[in-house]
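*Asks:* Let's see this in three dimensions:
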Amino acid sequence: MDFDNSKPIYLQIVDLFYENILMKTWQEGSRIPSVREVAMMVEVNPNTAIRAFNHLQDLEVIYNKRGIGYFVADNGYSKVLDIKRAEFMEQSLPDVFKKMTLLGISFEQLKNVYNQHKDEKK
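*Replies:* Residues are numbered from 1 along each chain as shown. Purely as a prediction, here's the structure:
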């Protein structure tokens, strides 16, 4: 995994988990890779991986069944969706709006590009 130096590695691992949950690669109630497997997969120290796991447990996105492993919480998908939506609204959109203003892009133009993109993905 290629890491971005502007964000802590454990949070980038959290983002990887979020992506797997949102894409439904990891379903609610399903077992996810172990700390050791994640550490090997993304080539980090297991302590960094456990920090990501602990963060996700604190948010109640995943839970641990002692001796069995980690699982996506029953409401994990909706929690991740809420987290990522809030992050998008608070962090990404202000930058988009600033660039739209600077470049003179209207909401109508943005809507057209969005609809075109959406149609291409079908």
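*Asks:* and the gap between the residue sitting furthest away from the middle of the chain and Met40?
*Replies:* Distance to the chain centre peaks in the chain at Gly104, reaching 30.7 Å (criterion: CA atoms, centre = their mean). Counting by CB to CB, to the nearest Å, the separation of Gly104 from Met40 is 49 Å. All C-beta spots, glycine's among them, are computed from the backbone N, C-alpha and C.
*Asks:* what do you get for Asn115?
*Replies:* Going from Asn115 to Met40 by CB to CB gives 42 Å.
*Asks:* For these two, work out which one has more neighbours and name it.
*Replies:* Applying other CB atoms under 10 Å to Asn115 and Met40 shows that Met40 carries more neighbours, namely 13 against 10.
*Asks:* mind checking the SS state of the more buried one?
*Replies:* Under DSSP: H, G, I helix; E, B strand; the rest coil, Met40 falls in the helix class.
*Asks:* Give me the contact list for stretch 26-46.
*Replies:* 1, 9, 13, 16-17, 20, 48-50, 52-53, 62, 68-77 (CB atoms under 8 Å, 6 or more residues apart in numbering).
*Asks:* Buried only: go through those for me.
*Replies:* 9, 13, 17, 20, 48-49, 52-53, 62, 70-73, 76-77 (16 or more other CB atoms under 10 Å).
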